[in-house]
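Student: Generate coordinates for the sequence data below:
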Amino acid sequence: MWKLFFDTCYLFSYLIIGRRNRRWFREVKLFDYRHKLNILRRAYPEFDWKHVYMRKGGCSLAFMVNNKYVFKVRKFNRDLRSVERYYYEKRVTDALAGVLPTRIPKMTLMELDGLLFSKSELIQGKMLIDLPLKKLIENREKLGCQLGRIIYKLFNSNILPELKPANCDPNDCGFIHCDMCSNIVANPDTMDITGIIDWEFAHYGSLKTDFIGIFRVRRKMRKTDIAVEAMWEYYRLRDAAQKTGTTTKKTSTKKKTAKKQNNA
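Tutor: Here you go, the predicted model:
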């Protein structure tokens, strides 16, 4: 859909009066997408670029090819900080490999014609926010439980401790995605969550940020109560872990007491 939209806008740009105005429109409003796509075509001529799909995120353009690979590039690469976001995202996803009960992208970074691209395998499925509202409501408990388990593992993972800020609240500080609503991939047939993408804004922060992030972007998600189900599952797991920890401590104390009595 996005590819068709951008191609249509590009054709209409020929009607813009003035070469400079046309160039501005293509580079700023269309993010110079044709130039970036042509760079990939030259670098990977073996791929089927006639049937490439395209998505537009908050800061990046994504090109999906052969139904197997995703190439991401920043909308604008004019400052170093913009490019550094990809290095940061790779650092996070490398650290999270094998930690979460769902797939995350494994990124490879490459510089092509002066632009930084990331390459990863496509996580099969559809974006959760693009699925019909009725289907989301019917499966809200299943989806919420899965998201609750993902957030629980993520928040308590303690990855990259060097990123934890000094003023982080010790009672509410864990690793969070921070932009989850638009980046959940699900199998539309089984309604299982198959992956979480776009980790460039992940950091240590408050737990409520990820719960709010499940529904903050789209009104559709606010009608599903998936976030509420996710919270119930998270706190169920937390309480179970705390109970197990308490039981373990009591058992350990009893063993130590019995050992002392035997020695006496």
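Student: any chance you could map the strands in this structure?
Tutor: Under the criterion DSSP state E, the chain contains strands at 53-56, 60-65, 69-74, 108-112, 115-121, 126-127, 174-176, 184-186, 193-196, 203-205.
Student: got TSV for these, with mean neighbour count, mean pLDDT and distance to residue 46 too?
Tutor: (C-beta placed from N, C-alpha, C; glycine too.) Conversion of those to TSV gives the following (neighbours: other CB atoms under 10 Å; pLDDT from 0 to 100; distance: least, CB to CB, whole Å):
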stretch	mean neighbour count	mean pLDDT	distance to residue 46
strand 53-56	16	92	18
strand 60-65	20	95	10
strand 69-74	21	95	11
strand 108-112	12	94	15
strand 115-121	18	95	14
strand 126-127	14	94	27
strand 174-176	23	96	38
strand 184-186	23	96	26
strand 193-196	21	97	25
strand 203-205	19	95	38
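Student: can you pull the pLDDT of the nearest residue to residue 131 once chain neighbours are set aside?
Tutor: Among residues not flanking residue 131 along the chain, residue 188 sits closest, at 5.9 Å (CB to CB, 6 or more residues apart in numbering). The model reports residue 188 with a pLDDT of 96.
Student: same deal with residue 215?
Tutor: Reading off the model, residue 215 has pLDDT 77.
Student: contacting residues for residue 203?
Tutor: 163, 175, 176, 178 (CB atoms under 8 Å, 6 or more residues apart in numbering).
Student: any idea how far it is from residue 215?
Tutor: 20 Å (CB to CB, to the nearest Å).
Student: Please parse the protein into its domains.
Tutor: Listed domain ranges for the chain are 2-121, 126-244 (source: automatic domain parsing).
Student: where are the low-confidence patches of the stretch 101-250 of the chain?
Tutor: 217, 246-250 (pLDDT under 70).
Student: burial count for residue 13?
Tutor: Neighbour count of residue 13, defined by other CB atoms under 10 Å: 16.
Student: Correct me if wrong: it contacts residue 23.
Tutor: No - with contact defined as CB atoms under 8 Å, residue 13 does not reach residue 23; the gap is 9.1 Å.
Student: Off-centre distance for stretch 193-200?
Tutor: Relative to its chain's centre, stretch 193-200 lies at 3 Å (CA atoms, centre = their mean, to the nearest Å).
Student: my bad, stretch 36-54
Tutor: Between the centre of stretch 36-54 and the centre of its chain there are 24 Å (CA atoms, centre = their mean).
Student: Between the two ends of that stretch, what distance do you get?
Tutor: One end of stretch 36-54 sits 12 Å from the other (CA to CA, to the nearest Å).
Student: same deal with stretch 107-124?
Tutor: 16 Å.
Student: Contacts for it, please.
Tutor: 36, 39-40, 43, 64, 67-74, 77, 83, 86-87, 89-90, 93-94, 103, 105-106, 185, 187, 194-195, 197.
Student: Point to the residue nearest the middle of the protein.
Tutor: Taking CA atoms, centre = their mean as the criterion, residue 197 is the residue nearest the geometric centre of the chain, at 2.8 Å.
Student: Spit out the contact partners of the residue nearest to that residue when sequence neighbours are not counted.
Tutor: With sequence-adjacent residues excluded and distances taken as CB to CB, 6+ apart, residue 197 is closest to residue 183, at 4.8 Å. Contacts for residue 183 (CB under 8 Å, 6+ apart) come out as 127, 177, 196, 197, 198.
Student: Which single one of those is nearest to residue 32?
Tutor: Distance to residue 32 across the contacts of residue 183 (CB to CB) is lowest for residue 198, with 20.7 Å.
Student: Residue 172 versus the residue lying closest to that closest one once chain neighbours are set aside, what's the distance?
Tutor: Nearest non-adjacent residue to residue 198, counting by CB to CB, 6+ apart: residue 183, 4.4 Å away. Using CB to CB, one obtains 23 Å as the distance from residue 183 to residue 172.
Student: hmm, back to that, need the strands of the chain in JSON lines (columns: distance to residue 19).
Tutor: Converted to JSON lines, the strands of the chain look like this (distance: least, CB to CB, whole Å):
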{"stretch": "strand 53-56", "distance to residue 19": "26"}
{"stretch": "strand 60-65", "distance to residue 19": "24"}
{"stretch": "strand 69-74", "distance to residue 19": "25"}
{"stretch": "strand 108-112", "distance to residue 19": "27"}
{"stretch": "strand 115-121", "distance to residue 19": "23"}
{"stretch": "strand 126-127", "distance to residue 19": "38"}
{"stretch": "strand 174-176", "distance to residue 19": "46"}
{"stretch": "strand 184-186", "distance to residue 19": "41"}
{"stretch": "strand 193-196", "distance to residue 19": "43"}
{"stretch": "strand 203-205", "distance to residue 19": "43"}
